[in-house]
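**Q** model the structure of this input:
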Amino acid sequence: MAIDLNCDAGEAFGAWQMGEDATLIPLMTSVNIACGGHAGDPLVMRRTLELAARHGVAAGAHPGYPDLAGFGRRALPMPPAEVELWLLAQMGALAAIARSLGITLRHVKPHGALYNVAADEEALAQAIARAVVAFDAGLVLVALAGSALVTAGHAAGLRVAEEAFVDRGYDAHGRLVPRGMAGSLLPANGDVAARAVALARGQPILAQDGTSLTIQADTLCIHSDTAGATAIAQVVRAALGTAGVAIGSFSQARPTT
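**A** The predicted structure is shown next:
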């Protein structure tokens, strides 16, 4: 039994600092790096890529709606074809910097509102999958477990890593409780550790309303901008180790064709 641990990182922008990247990334096996759409700039991208490489963490792209002001957490009324182009532009920006450093990108995970909307809107999910295939069909697509984006990724011939969250609340339908609502963020305590072990083992967890959910996950996410993210990661790693769950990236080995 093994599980990947990932975080969304590289989300600073210019003088604006965000997240606990320096201490959190070394505890991960995969990192999703902002590409300039919702956060991130060339200097931040390079710094985050170098940090991931230094600690042997698989690097991937984390593109979102072009919404710096809203941190990509607002659903923009963009047609799917336009979303495709924005994703290609963002993935290309990160890949160019990665190439200059001799780093190969391993995966793509949409950010924020784009990720959440694509969980249920098939046309948007298909657009995201098309963009990834057009850019590099060898990349792994990271998607909310059990979502339309998982289906679209498989249909497009991509490898898909189904994702679950140790620090976010779920509703009865297996979707994340919107930020700002009660129960959207779990406290950094033993509940997070127990949640991580249950998810890694495919055991039921409780939704916000008490509904029992069973989520099959390949990777578990810890947000770098969650208060105490590094401490959460340390607790999660310790709990997984005690439970006998190995930790390893889903994307270190790319398939050969």
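**Q** for the protein, what spans make up the helices?
**A** Along the chain, counting by DSSP state H, helices occupy 21-24, 42-54, 80-100, 112-118, 122-136, 148-155, 190-201, 229-242.
**Q** so for residue 35, which of those helices sits nearest?
**A** Closest approach to residue 35 among those is made by helix 80-100 (3.5 Å; Cβ to Cβ). Where you see a C-beta, it was placed from the backbone N, CA and C, and this is true even at glycine.
**Q** now the angle from the closest one to helix 42-54?
**A** 60 degrees (axes from the mean of the first three to the mean of the last three Cα atoms, to 10 degrees).
**Q** just the CA trace of helix 80-100, in PDB.
**A** C-alpha atoms of helix 80-100 as PDB (Å, rounded to 0.1, in the frame of the first residue of the first chain):
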ATOM      1  CA  PRO A  80     -14.000  25.800 -22.800                       C
ATOM      2  CA  ALA A  81     -11.900  26.600 -25.900                       C
ATOM      3  CA  GLU A  82     -10.600  29.700 -24.200                       C
ATOM      4  CA  VAL A  83      -9.800  27.800 -21.000                       C
ATOM      5  CA  GLU A  84      -7.700  25.300 -23.200                       C
ATOM      6  CA  LEU A  85      -5.600  28.200 -24.500                       C
ATOM      7  CA  TRP A  86      -5.000  29.600 -21.000                       C
ATOM      8  CA  LEU A  87      -3.900  26.200 -19.700                       C
ATOM      9  CA  LEU A  88      -1.500  25.800 -22.600                       C
ATOM     10  CA  ALA A  89       0.000  29.200 -22.000                       C
ATOM     11  CA  GLN A  90       0.500  28.500 -18.300                       C
ATOM     12  CA  MET A  91       1.800  25.000 -18.700                       C
ATOM     13  CA  GLY A  92       4.200  26.300 -21.400                       C
ATOM     14  CA  ALA A  93       5.500  29.000 -19.100                       C
ATOM     15  CA  LEU A  94       6.400  26.600 -16.300                       C
ATOM     16  CA  ALA A  95       7.800  24.000 -18.700                       C
ATOM     17  CA  ALA A  96      10.100  26.500 -20.300                       C
ATOM     18  CA  ILE A  97      11.600  27.400 -16.900                       C
ATOM     19  CA  ALA A  98      11.800  23.800 -15.900                       C
ATOM     20  CA  ARG A  99      13.600  22.900 -19.100                       C
ATOM     21  CA  SER A 100      16.200  25.600 -18.500                       C
END
